[in-house]
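Visitor: I'd like to go over a predicted model; first the sequence, then the structure.
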Amino acid sequence: MKTYINGFLLLLLLSACNVSKNIETPKPALPDTFRNAAVTSDTSSIADVQWKTFFTDPTLQTLIDSAIVKNYDMQIAVKNIQASQLLFKQVKWENVPAIALNVTANTQRPSDNSLTGLSLSQDNISTKHIEDYSANLSLSWEADIWGKIRNQSKEALAAYLQTIEAKKAIQTTIVASVSQGYYNLLMLDLQLNIAKENVKLNDSTLRIIRLQFDAGQVTSLAVQQAQAQQLTAAQLIPQFEQNIALQENALRILTGELPGNIERTANLDDIKFPETLSTGVPSVLVSRRPDVKSAELELVAANAKVGITKASMYPSLAITASGGVNSFMANNWFNIPASLFGTVGGSILQPIFQHKELKTQYQVAQVEREESVLKFRQSVLNAVGEVSDALVKVEKLKAQQAIVANQVNTLNQATSNANLLFKNGMANYLEVITAQSNVLQSQLQLATIKRDELNAVSDLYRSLGGGWR
């Protein structure tokens, strides 16, 4: 019998290694370099730079600092980490036997016609009550033959690490969102100043046209068109002031503060980044991007779940034991050694009628594992796409900015010449109004393109996995 038992245990141990086979993290197909990336031998990446080093504006640094500490999404992420950490610590205790202290005292008055009551009468026992006093420690332990508890620990660890990666992902998004909101605020400041300067320029032109109208040199149509042009520029001022207030409120809420004013001294033109932004090697993106790392951990958890569901289909070996003192009289309850007792037992439980349900759960876990592989590949593909998109935006917006900046310079000269010719009677008022309208639109467009380029750089930093350091 002992030989059979030893053979059975050996078979269980050998089988435990083959309950489920983990799927290794697939190696996604990655390009040697990102599309539109600058050709360079430098393998470093801007994502390896801490965000305080990458974003050097003091006001922006203060806003990001506040957002990381006070943003409610970040605070919720921290609480998720704490909860997941507690669950992981609890799972590690599954391998430890469960011990419980039981202290019971009860009394029973059996029926005179019951077997117990008749026995008491036949034994001439005067009392009609049966008392029982017990104090014992009970122990139960399930042998982790099939790796069920081990896989539960792996799943809990993966879930815990996923919450850490989720916090990193939230921080990268917050850093990018705050910086882009700040750049938008600086753009609106610049556009507001452009609108105010244009209104002043229109005032000067309108005064000259009114003098010409009083002298009978132009008609009232010229005055009306000049006034309309001035009102067009003036209407932009409250619009930009409204957008500034809304952007300030949005930034304050993002940083966990009540809506209010944001003090700033920088201009949009003061924000500078290096001409060449190194992106590094695409293969490193897998380990740097928090969302990609989270997808990889999801595969680890899915592997563990397959092992758990598979182990549930096999017999479970449980060992129980209890020992303590027991007596039917209170005064003899702790009479040692007479009241001492102990029991030890073992059991093997094999699911029979639940086999179909457990098999279905195992098959579903296998499908979910295959799904996690696809999600991992998808996350890598999306990450590479986001980097490539950001690189294209940075490159093309720089080209647009150079063209529009040249256009603004040309239109500024044209406006200056038109005003000079108009004052000397060599150009009509329509040429002046047209020149002023064109320069206003081109200046506003240039400010927008500058903002978009800065946003693209910030998005490139985020898509490479930067911002959580």
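Guide: All right, it came through fine.

Visitor: any idea of the mean pLDDT in the strand or helix carrying residue 367?
Guide: Following DSSP states H and E, one finds residue 367 within helix 355-423. This predicted structure assigns helix 355-423 an average pLDDT of 88.

Visitor: how close does the closest residue to residue 77 other than its chain neighbours get to residue 377?
Guide: By the measure of C-beta to C-beta, 6 or more residues apart in numbering, the closest residue to residue 77 outside its immediate chain neighbours is residue 167, 4.0 Å from it. The C-beta positions use only the backbone N, C-alpha and C, and glycine is treated the same way. Taken as C-beta to C-beta, to the nearest Å, the spacing of residue 167 relative to residue 377 amounts to 24 Å.

Visitor: kindly report the same for residue 340.
Guide: Relative to residue 377, residue 340 is positioned 63 Å away (criterion: C-beta to C-beta).

Visitor: next: residue 247.
Guide: 38 Å.

Visitor: which of these two has more neighbours?
Guide: Between residue 247 and residue 377, counted using other C-beta atoms under 10 Å, the more crowded position is residue 247 (19 against 15).

Visitor: what's the helix or strand for the closest residue in space to that one that isn't next to it in sequence?
Guide: Of all residues not flanking residue 247 in the chain, residue 185 sits nearest, at 4.8 Å (C-beta to C-beta, 6+ apart). Residue 185 is part of helix 148-214 when elements are defined by DSSP H and E.

Visitor: next structured bit after that helix?
Guide: Following helix 148-214 in sequence order, the next helix or strand is helix 220-254 (DSSP H and E).

Visitor: what packs against that next one?
Guide: Under the contact definition 3 or more C-beta pairs under 8 Å, 6 or more residues apart in numbering; DSSP states H and E, helix 220-254 sits against helix 148-214, helix 429-463.

Visitor: now the chain, which segments are flagged as low pLDDT?
Guide: In the predicted model of the chain, residues 1-20, 39-42, 116-118, 120-128, 212, 214-219, 422, 424-430 satisfy pLDDT under 70.

Visitor: between helix 355-423 and the helix holding residue 185, find me the angle.
Guide: Using axes from the mean of the first three to the mean of the last three C-alpha atoms, to 10 degrees, the inter-axis angle of helix 148-214 relative to helix 355-423 is 20 degrees.

Visitor: for helix 148-214, the distance to its chain's centre please.
Guide: Averaging C-alpha positions (C-alpha atoms, centre = their mean, to the nearest Å) puts helix 148-214 19 Å from its chain's average.

Visitor: ditto for stretch 433-452
Guide: Once both centres are worked out by C-alpha atoms, centre = their mean, stretch 433-452 turns out to sit 38 Å from its chain's centre.

Visitor: in stretch 176-184, which residues are buried?
Guide: Judged by neighbour count (16 or more other C-beta atoms under 10 Å), stretch 176-184 contains these buried residues: 176, 177, 178, 179, 180, 181, 182, 183, 184.

Visitor: so which of those residues is the closest to residue 449?
Guide: Lowest distance from residue 449 to those (C-beta to C-beta) belongs to residue 183, with 11.8 Å.

Visitor: what's the neighbour count on the nearest residue to the closest one once chain neighbours are set aside?
Guide: Spatially, and ignoring its direct neighbours in sequence, residue 183 is nearest to residue 454 (4.4 Å; C-beta to C-beta, 6+ apart). Burial of residue 454, expressed as a neighbour count using other C-beta under 10 Å, amounts to 23.

Visitor: cool, the one 5 residues further on as well?
Guide: The local packing count at residue 459 equals 20, with neighbours defined by other C-beta under 10 Å.

Visitor: ok so, going back, am I right that the residue nearest to residue 77 is in contact with residue 79?
Guide: No. Under the criterion of C-beta atoms under 8 Å, residue 167 is not in contact with residue 79, lying 10.1 Å apart.

Visitor: more neighbours: which of these two?
Guide: Regarding residue 167 and residue 79, a neighbour count based on other C-beta under 10 Å identifies residue 167 as having more, with 19 against 11.

Visitor: and that one, how close does it get to residue 402?
Guide: Distance of residue 167 to residue 402, computed by C-beta to C-beta: 40 Å.

Visitor: sorry, back to before: check whether the residue nearest to residue 183 really touches residue 271, as I assumed.
Guide: Yes. The pair residue 454 and residue 271 qualifies as a contact (C-beta under 8 Å) at a distance of 5.8 Å.

Visitor: give me the common contacts of these two.
Guide: With C-beta atoms under 8 Å, 6 or more residues apart in numbering applied, the overlap between the contact sets of residue 454 and residue 271 consists of residue 183.

Visitor: re the thing from before, biggest separation within the buried residues of stretch 176-184, which pair?
Guide: Every pair in the buried residues of stretch 176-184 was compared (C-beta to C-beta); the two farthest apart turn out to be 176 and 184, at 12.4 Å.

Visitor: ok, back up a step: now the helix holding residue 367 against helix 429-463, angle please.
Guide: 150 degrees.

Visitor: which other helices and strands contact helix 355-423?
Guide: Here helix 355-423 is seen to pack against helix 148-214, helix 285-288, helix 290-311, helix 429-463 when contacts are counted using 3+ C-beta pairs under 8 Å, 6+ apart.
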